[in-house]
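> fold the following and give me the result.
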Amino acid sequence: MKTSTMKAGRNYATPASNCFCLIVAWPVSPSSDAEQLNLSGSGDFFFSPRLCKWEIVEFKGRISPKSECILEDGQLFTMAYRKEYRMLSEEERIRYHNAMTILKRSGEFDRMCVEHFNVGLGSGAHSGPGFLPWHREFLKRAEIALRLIDPMVSLPYWDTVMDNYLVDARDSIFFSPLFAGEVDQFGNVITGPYAFWTTMEGRNAIVRTMAQEGFLLSEAHIASVIEQTDVEYVLAYTAPLQGCPFPENANALEFVHAFVHLWIGGHMRDPPTSANDPIFYVFHTFIDLIWEMWRQSRQLRDERELNYPPDLPECADPQHFGYAQMRPYDLINRDGLSNLYTDQMYRYAPRPSCSSENPNCGSPYLFCDLRGLPHCVSKVKINGICAGFEGFDVCFGGICEMGRCVPHTAPSPFIAPVQLNAVGRKQVSEAEARHRFVSCFNRDPCCDRWAGRGECRSRMSYMQQFCAASCAFCIPSYNVSNECADRHISCRQWQIDGHCHGKSKLFMQENCRASCGICRTPKDDDCLR
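Numbers count the residues shown, from 1 in each chain. Model prediction:
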């Protein structure tokens, strides 16, 4: 077995085969047993054939004679392949959302939120050269956690450039129940796979206050990064003190990325709370892609692992120095430069593109704008602003009339069918069954009674907000005649978190009666008016 030195004083065994599951997030000694592996451990890269064996045991697979990792259904366990979120197939998107939900329910997602919270300020993860390496390692660990749930899943990336072309990026199909979800008037995420996710500070929903400040990335921002020739302006000194010989670079990737955090707002606004929002992961995966684009275009292979900005106390906190610990991991900051991430762990799909000859972006959620240099743009959801794109296929499930996307009766956009084997069909069926995310909820157990009294019209504003299902302002996807069944995928978790009582009591009495154990009590017993 060959060895490869990733940093001074430590050697790492590396495999001669292409068994990609060798890289894991935990420290394992040669005598370790499989039971010692766990998601919450913090440790180093460690490469060993034994690890391949143990990780494949987790997947109920086997090792082939060629040292390949074969899953239970006979498929090869390969590197993660990170696509743009809207380029995922329907199956891939369902699998990703399903894995994220399980990660949340398990508590591992919240543990990762706390891990990022602890380095939100005063660490080597922000405001200096360690920013990109630290987040690369953090994303690696998040992706491993997802793939332990579903080995077919990879982290997607969110190319914000395609949303930035729109008049109002909040109208992008990205902010719909199909992807990141929508918010109510208070900024709470109430639709989509992340609806009503509790946050680490105890809120009942993720908050986004979009477009109040900041901006989304443009092609010009990406070009300004790729054009840099010096590592000091990519792994940049973004909080230099007086006397730093490197002038502040306003186009540094860490700087411009921060404006997207501001644009999303809410939990994403500040570093300590940003990992509460699943958008954090797909956005930072895009930032990692931009960094990798720069590495591939501006550095030789050896330079990618060797070139790190000089350790200058007048330019950065010592926690950003190359040989400083990448807290809380048993790594140093320079380890984040390793080629092993993209050699063995993951690779990126190209950014969506189109041309005059092929004006197709390859996704029903994108369209090709042929004006100037052809480029892909996110489609707009129904009721969103489509002004400026008349004549293009800009509206998802609709047409652009008078500057707005409105529904129409034309066939839905074509989505190529996915051919699955029996195991795949079973997995997708189970995922869909677990993933009946709905956005049409009453928020009070008295809604049916109030609606029967005609209050949907007499108190329309109130009823639209709190009794949308009873008043038929929306169409619920659950069985309204079954009062006992849980109507939201997160009911069980909310019950565990204690939300059957307190501020969320009324919502839970209406929508989570089974989990709260109140099926025997008529839900409108306390409705006195």
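> give me the three-state assignment for Trp291.
Under the three-state scheme (DSSP: H, G, I helix; E, B strand; the rest coil), Trp291 adopts helix.
> that one: neighbour count?
By the measure other Cβ atoms under 10 Å, the count of residues near Trp291 is 19. C-beta here means a position set from N, CA and C on the backbone, and glycine is covered the same way.
> any idea of the mean pLDDT in the helix or strand where Arg136 lies?
According to DSSP states H and E, Arg136 maps onto helix 131-149. Here helix 131-149 scores 96 as its mean pLDDT.
> over to stretch 496-503?
Mean predicted lDDT for stretch 496-503 stands at 80.
> what sits closest to Arg295 if chain neighbours are left out?
Leaving aside its sequence neighbours, Arg295 sits nearest to Arg304 (Cβ to Cβ, 6 or more residues apart in numbering; 4.9 Å).
> so which helix or strand takes in the one you found?
Counting by DSSP H and E, the element that carries Arg304 is helix 301-306.
> hmm, back to that, whichever helix or strand comes after the helix holding Arg136 packs against which elements?
Where DSSP H and E defines the elements, the next helix or strand beyond helix 131-149 is helix 161-164. If you count contacts as 3 or more Cβ pairs under 8 Å, 6 or more residues apart in numbering; DSSP states H and E, helix 161-164 packs onto strand 375-378.
> following the strand it packs on in sequence, what is the next regular element?
Next along from strand 375-378, by DSSP H and E: strand 398-401.
> paired strands for that following strand, with orientation please.
strand 404-407 (antiparallel) (DSSP bridges).
> pLDDT on the strand it pairs with, on average?
94.
> again with stretch 197-217
97.
> how about stretch 289-301?
On average, stretch 289-301 scores 98.
> over to stretch 109-125?
For stretch 109-125, mean pLDDT is 94.
> how about stretch 334-342?
Mean pLDDT, stretch 334-342: 97.
> also stretch 267-284?
Averaged across stretch 267-284, pLDDT comes to 98.
> show residues contacting that stretch.
85, 100, 112-113, 115-117, 120-121, 125-126, 135, 138-139, 142, 155-158, 160, 180, 189, 193-194, 197, 199-201, 206-209, 257, 260-262, 264, 266 (Cβ atoms under 8 Å, 6 or more residues apart in numbering).
> can you do 6 Å?
85, 113, 116-117, 120, 126, 135, 142, 156-158, 180, 194, 199, 206-207, 261-262 (Cβ atoms under 6 Å, 6 or more residues apart in numbering).
> can you pull the contacts of Cys516?
Gln495, Cys500, Met508.
> out of those, which is most surrounded?
Neighbour max across those (other Cβ under 10 Å) = Met508, 23 neighbours.
> what comes up buried for the helix or strand where that one lies?
Following DSSP H and E, one finds Met508 within helix 505-511. Buried positions in helix 505-511, judged by neighbour count with 16 or more other Cβ atoms under 10 Å: Leu506, Phe507, Met508, Gln509, Glu510, Asn511.
> identify the residue nearest Ile262 in space, chain neighbours excluded?
I think there's a mix-up here, since residue 262 is Leu and not Ile. Nearest to Leu262 is Gly214, by Cβ to Cβ, 6+ apart, at 2.9 Å.
> what is the neighbour count of the one you found?
Residues near Gly214, counting by other Cβ under 10 Å, number 17.
> does Cys368 touch Pro359 like I think?
Yes. Using Cβ atoms under 6 Å, Cys368 is in contact with Pro359, at 4.1 Å.
> out of the helices and strands in the chain, which is least certain?
Lowest by mean pLDDT, DSSP states H and E among the helices and strands of the chain is strand 10-14, with a mean of 31.
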